[in-house]
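> I would like the atomic coordinates for the input below:
(one chain, ligands or ions: 2)
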Amino acid sequence: MIRFEQLSVTYEGAVQPAVRGADLEVPEGELCLLVGPSGAGKSTLLGAVSGLVPHFTGGVLHGRVTVAGRDTRTHKPRELADVVGTVGQDPMAHFVTDTVEEELAYGMESLGLAPDVMRRRVEETLDLLGLAELRDRPIATLSGGQRQRVAIGSVLTPHPRVLVLDEPTSALDPGAAEEVLAVLQRLVHDLGTTVLMAEHRLERVVQYADQVIVLPGPGLPPVAGTPADMMALSPVRPPVVDLGRLAGWSPLPLSVRDARRSAGELRARLSPLAPPAVAAPPSAAPVAAAEGLSVRRGRTEAVRGVDLRVLPGETVALMGRNGAGKSTLLSAFTGLHAPSAGTVTVSGAVPHRTRPGELIRRVGLVPQEPRDLLYADTVAAECTAADADGGAESGTCRTLVAGLLPDVPDATHPRDLSEGQRLALALAVVLTARPPLLLLDEPTRGLDYAAKARLTGILHGLAADGHAIVLATHDVELAAELAHRVVILADGEIVADGPTADVVLSSPAFAPQVAKVLTPQRWLTVVQVRDALTADAAAEAETETEAGR
Ligand SMILES: Nc1ncnc2c1ncn2[C@@H]1O[C@H](COP(=O)(O)OP(=O)(O)OP(=O)(O)O)[C@@H](O)[C@H]1O
Ligand SMILES: Nc1ncnc2c1ncn2[C@@H]1O[C@H](COP(=O)(O)OP(=O)(O)OP(=O)(O)O)[C@@H](O)[C@H]1O
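Ligands and ions are numbered 1, 2, ... in the order given. Have a look, this model is predicted:
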């Protein structure tokens, strides 16, 4: 259905191709997953299918891509619209109408479908994606995850034969992500739709894939095969695969269910060992405090009666369904929204009454859309400005970027970076000022596992230095790695607040893969398991040496 013939793409001014030597085929009615590190060229490959590359992005394309027999170089994206539905990484950039319902109908209108068919499909899709209550809402007022649902819904309604999806679940809560993947699988099975999808959170998707294409790194040719074969060689892997490698399981598990079947022996080895206890931060005056805090957004009371204190050295993960009020709560700490009731303070100051220049020294926010933070023309200029604004030594920001992701080009416009590269830059800009309170909204969208591990390392370091960190996230694996405490919001209210292990283990929706495999034992991450096994082996070796003396 999709054929890549010796495809290479080189962007203007780039020293090497973003994609090189792609020679692959995606058969009709398959769900094909595209994986690889940030900046490896996944979006570029997808763009070549939908025709956006090179028509809209510039650059030079060699070779050929055909979709249902049509060459994407000679057919403009418009002329492919009846076969290919595309959801990009930034839904806001592609919305054409104002409200949810209009957006769902738009694609069908331009294809000239009959009104009764359109009506029926809009209703079906509203239900399918949990959007019924939001049908009349202006898209501009939706939360990040709500927008992503609309973007997905709007490409589903015309029933295209091919779906091209760039990280379709990156902003979705874990439950919504499962629902969307179930819908896609149904389209593949029942209608024979072909799906090509790039995704970083393999723990969510790999078990649904018929085929996996690995892009091993920038400009390296892709390799394709079965999910199991590809996971054995891929540089990016979900936690269950890492656990399987650690324990030496063969075949490698792709799902929690597979892993649980192999886990008996590992569980027995781990049972006398204890997961590390998380040290509570020393008691001190809170860096951030909300009391009885309510915040209105339009007609919605997005945050209601929230009591939250964050101590120096503490990392809090804020979780909960799309639209639960996470971003709104974070923005109350930056003074963007004044409380409609209750109070909020940051290092003793009231954010919405504090001058921005003053506030920047107390609190830094990496927004859900990193673009909102970046205004310079090049990566290098952005870094220089961040050093100056944050009063940091020159070169600080650039070193942080390189520490998060290698190979981020200096001269590139932030707009042209890959999603992960842009986020690494935004994170570095905020980290440069080393604010006592650090707020991160979905800090792992578009980041590969290696970059996530490096981010975790940096944040661990900042917490150890006494910074308070609050991250709003749907990434249960990240919360398990990083947070001392998890706070769950539902409909604007706090419904759970406690030590990470207690909260995530009591709810399957928020439990990381390792916890699901090893329950009732209380392990959360592969790192915990690896460290415990290593320490145990070392202790055993020591006893043996002692005995031998
Ligand atoms: N329009 C553009 N102009 C110049 N360079 C670009 C453009 N789009 C992408 N690039 C560069 O091409 C490379 C591949 O980018 P691409 O977005 O395809 O990666 P990706 O694998 O999708 O990354 P991520 O996982 O972070 O989304 C990156 O180095 C990026 O900076
Ligand atoms: N201007 C507005 N008018 C009406 N409702 C709004 C407006 N802005 C936001 N909302 C609503 O407020 C609620 C909270 O949004 P918020 O962005 O804080 O959620 P979130 O938990 O961060 O969601 P996500 O996980 O999807 O990012 C949502 O239901 C959203 O639709």
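
> Near ligand 2, which residues of the stretch 251-400 of the chain are found?
Applying C-beta under 6 Å from any ligand atom, we find that the stretch 251-400 of the chain lies next to ligand 2 at 297-300, 302, 320, 322-328. All C-beta atoms are positioned from the backbone trio N, CA, C, and that covers glycine.

> what about 8 Å?
When proximity is defined by C-beta under 8 Å from any ligand atom, the stretch 251-400 of the chain lies next to ligand 2 at 297-300, 302-303, 320-331, 368.

> In ChimeraX, select just the buried ones from the residues you listed.
Selecting the buried subset of those in ChimeraX, with 16 or more other C-beta atoms under 10 Å as the burial test, is done by:
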select :297,300,302,303,320,321,322,323,324,325,326,327,328,329,330,331,368
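
> from the chain's centre, how far out does the helix of greatest length in the chain sit?
Across the chain, the longest stretch assigned as helix under DSSP state H is helix 526-548. Chain-centre distance of helix 526-548: 35 Å, with C-alpha atoms, centre = their mean, to the nearest Å.

> ok, now stretch 362-377?
Going by C-alpha atoms, centre = their mean, the spacing between the C-alpha centre of stretch 362-377 and its chain's C-alpha centre is 17 Å.

> One more: stretch 161-173?
Distance, centroid of stretch 161-173 to centroid of chain: 11 Å (C-alpha atoms, centre = their mean).

> try stretch 105-119
Relative to the mean C-alpha coordinate of its chain, stretch 105-119 is positioned 32 Å out (C-alpha atoms, centre = their mean).

> ends of it, how far apart?
Start-to-end span of stretch 105-119 (C-alpha to C-alpha, to the nearest Å) is 8 Å.

> List the buried residues for that stretch?
Of the residues in stretch 105-119, 105-108, 113, 118 count as buried by neighbour count, 16+ other C-beta under 10 Å.

> So which of those sit within helices?
Taking DSSP H, the ones among the buried residues of stretch 105-119 that sit in helices are 105-108, 118.

> Turn these into CSV, columns for pLDDT and distance to Thr66.
What follows is those, written out as CSV (pLDDT from 0 to 100; distance: C-beta to C-beta, whole Å):
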residue, pLDDT, distance to Thr66
Ala105, 94, 30
Tyr106, 92, 26
Gly107, 88, 22
Met108, 91, 25
Met118, 94, 29
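
> Report the separation between the most centrally placed residue in the chain and Ser38.
Compute the mean C-alpha point of the chain, and by C-alpha atoms, centre = their mean the closest residue is Arg445, 2.7 Å away. In this structure, Arg445 and Ser38 are separated by 11 Å, where distance is defined by C-beta to C-beta, to the nearest Å.

> Spell out which residues are contacts of both of these two.
By the contact definition C-beta atoms under 8 Å, 6 or more residues apart in numbering, Arg445 and Ser38 are jointly contacted by Glu419.

> now, which of the ones in helices among the buried residues of stretch 105-119 lie close to ligand 1?
Intersecting these with the surroundings of ligand 1, defined as C-beta under 8 Å from any ligand atom, gives nothing.

> ok, what's across the strand from Met319?
For Met319, the beta-bridge partners under DSSP bridges are Ile488.

> Can you report how many residues neighbour it?
Here the number of neighbours of Met319 (other C-beta atoms under 10 Å) works out to 27.

> Surely it is in contact with Ala511?
No: shown here, Met319 and Ala511 do not form a contact pair, counting by C-beta atoms under 8 Å, at 11.5 Å.

> who touches both of these two?
Counting by C-beta under 8 Å, 6+ apart, the contacts common to Met319 and Ala511 are Val476.

> returning to that earlier point: now the buried residues of stretch 105-119 in a markdown table, with distance to Ala176?
A markdown table is the format used below for the buried residues of stretch 105-119 (distance: C-beta to C-beta, whole Å):
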| residue | distance to Ala176 |
| --- | --- |
| Ala105 | 22 |
| Tyr106 | 22 |
| Gly107 | 21 |
| Met108 | 23 |
| Leu113 | 27 |
| Met118 | 24 |
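
> for the stretch 1-150 of the chain, what spans make up the helices?
All helices of the stretch 1-150 of the chain, identified by DSSP state H, counting those that start in this stretch, fall at 42-50, 52-55, 77-80, 100-111, 115-128, 144-156.

> Equivalent analysis for the stretch 201-350 of the chain, please.
Ranges of helices in the stretch 201-350 of the chain, per DSSP H, counting those that start in this stretch, are 202-205, 227-233, 239-247, 256-262, 264-270, 326-333.

> Contacts only, for the nearest residue to Val9 once chain neighbours are set aside.
Nearest-residue entry for Val9: Val19, 4.6 Å, with adjacent residues in sequence omitted and distances by C-beta to C-beta, 6 or more residues apart in numbering. The contact partners of Val19, by C-beta under 8 Å, 6+ apart, come to 7-9, 41, 44-45, 48, 215, 219, 222.

> how does it look with 6 Å?
For Val19, the residues meeting the contact criterion (C-beta atoms under 6 Å, 6 or more residues apart in numbering) are 9, 41, 44-45.

> Of the residues you listed, keep whichever come out buried.
If you count burial by 16+ other C-beta under 10 Å, the buried members of the contacts of Val19 come out as 9, 41, 44-45.

> what's the closest of those residues to ligand 1?
Taking C-beta to the nearest ligand atom as the measure, Thr44 is the one of the buried ones among the contacts of Val19 closest to ligand 1, at 3.4 Å.

> pretty sure the residue nearest to the centre of the chain is in contact with Pro168, am I right?
No: distance between Arg445 and Pro168: 11.8 Å, which falls outside the contact criterion (C-beta atoms under 6 Å).

> quick check: angle from the helix or strand harbouring Leu184 to helix 115-128?
Of the helices and strands defined by DSSP states H and E, Leu184 is found in helix 174-186. With axes from the mean of the first three to the mean of the last three C-alpha atoms, to 10 degrees as the basis, helix 174-186 and helix 115-128 are set at 140 degrees to each other.

> Spell out which strands sit alongside the next helix or strand after helix 174-186 in the sheet and which way each one runs.
Past helix 174-186, further along toward the C-terminus, the next helix or strand under DSSP H and E is strand 194-198. Looking at strand 194-198 with DSSP bridges, its paired strands and their directions are strand 31-35 (parallel), strand 162-166 (parallel).

> So for the helix holding Leu184, what gets flagged as buried?
The neighbour-count criterion (16+ other C-beta under 10 Å) identifies 174, 176-177, 179-181, 183-184 as the buried residues of helix 174-186.

> could these go into CSV alongside distance to ligand 2?
Formatted as CSV, the entries for the buried residues of helix 174-186 read as follows, by distance: C-beta to the nearest ligand atom, whole Å:
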residue, distance to ligand 2
Pro174, 11
Ala176, 9
Ala177, 11
Glu179, 14
Val180, 13
Leu181, 17
Val183, 18
Leu184, 19
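
> Now render those as CSV, adding pLDDT.
Below are these laid out as CSV (pLDDT from 0 to 100):
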residue, pLDDT
Pro174, 89
Ala176, 89
Ala177, 90
Glu179, 88
Val180, 89
Leu181, 92
Val183, 89
Leu184, 91
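
> I am finished for the moment; much appreciated.
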